[in-house]
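Visitor: show me how the following folds:
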Amino acid sequence: MLVAAAVCPCPPLLVPEVAAGAAPELDAVRDACAEALGVLAAARPELLVVVGPADPPGRGPHAEGATGSFRGFGVDLGVRLGRATGPAAGDSAEKSPEAGDALPPSLAVGAWLLSRAGWTDAPVEALGVGEQLETGRCVDAGRNLAVRADRVALLVMGDGSACRTLKAPGYLDERAEAFDSAAARALGEADPEALIALDAVLAYELKAAGRAPWQVLAGAARGTALTGRLLREEAPYGVNYLVAAWS
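Guide: Modelled structure (predicted):
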């Protein structure tokens with residue numbers, strides 16, 4: 001059963017080493033993410049699953065101990081999902097993993113957030129979902145995650161629209177503000193049905209990579225009585241970043 005969730009944006013720029021000189025611009029978002037992860041810890045889950053958008057081959061489940069890196073963003077920094085397992089158990093999560101990193105960027109950012117928070121509260125797994133995954137399949141995936149343990153928590157990684165300004169990755173789209181407002185309201189009110197109602201086609205056109213992970217959350221949260229708080233919303237680079245906590 002889902003007992004808590006944290007919703008965080010997934011730009012690699014959240015990692016200060018990647019952002020470099022621009023790192024202070026996202027300090028408030030990082031602080032909000034830390035607050036959301038505190039809600040997860042307080043819920044004392046038996047299992048934490050990180051959910052985020054992914055392209056092949058990063059889609060699908062990732063076991064605890066999976067590694068990723070930010071080499072593709074010019075930084076020789078590696079991360080590990082949860083606790084180290086298997087032959088690599090003695091390696092430091094700060095070391096750059098070998099070639100063939102399993103974690104896609106969104107899940108690597110999630111792993112970095114957990115490491116930054118010193119997460120040791122429960123086993124950690126991850127699920128990479130396709131940006132165009134149909135709503136029904138997202139909901140089914142969330143339902144399946146929720147029954148994995150008596151107390152399940154989710155760290156849900158994903159951004160809102162990338163079309164809020166002329167310089168945004170998706171250029172300016174007048175539909176973006178309304179889409180982001182609906183998503184922010186649904187996340188802040190812990191409203192699964194409102195998340196499920198988000199238009200998948202519109203989300204894809206607006207480059208809103210969080211739509212599918214949010215709908216996985218909705219599937220997991222159906223039938224619960226969780227309440228939500230929107231901790232942060234801003235679009236510093238024309239991409240809407242949302243942070244929320246459900247408990």
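Visitor: who's in contact with residue 183?
Guide: With contacts defined as C-beta atoms under 8 Å, 6 or more residues apart in numbering, residue 183 is in contact with 160, 195, 198, 208, 210-211, 214, 240, 242. Using the backbone N, CA and C atoms, a C-beta is placed for each residue, glycine as well.
Visitor: same question for residue 199.
Guide: Residue 199 sits next to residue 179 when contact means C-beta under 8 Å, 6+ apart.
Visitor: how much space between it and residue 214?
Guide: Relative to residue 214, residue 199 is positioned 12 Å away (criterion: C-beta to C-beta, to the nearest Å).
Visitor: ok, the residue sitting nearest the centre point of the chain - contacts?
Guide: What sits nearest the mean C-alpha location of the chain, by C-alpha atoms, centre = their mean, is residue 157, with 0.9 Å. Residue 157 makes contacts with 8-10, 50-53, 106-107, 109-110, 210, 213, as judged by C-beta under 8 Å, 6+ apart.
Visitor: mind checking how far it is from residue 151?
Guide: In this structure, residue 157 and residue 151 are separated by 21 Å, where distance is defined by C-beta to C-beta.
Visitor: what's the answer for residue 145, then?
Guide: Counting by C-beta to C-beta, the gap from residue 145 to residue 151 is 12 Å.
Visitor: same thing with residue 28?
Guide: With distances defined as C-beta to C-beta, the gap from residue 28 to residue 151 amounts to 30 Å.
Visitor: mind listing residues that contact the longest helix along the chain?
Guide: For the chain, the helix reaching the highest residue count under DSSP state H is reported as helix 27-42. Where contact means C-beta under 8 Å, 6+ apart, the residues beyond helix 27-42 that reach it are 4-9, 14, 48, 113-114, 116-117, 119, 121, 153, 155, 231-232, 234, 241, 243-247.
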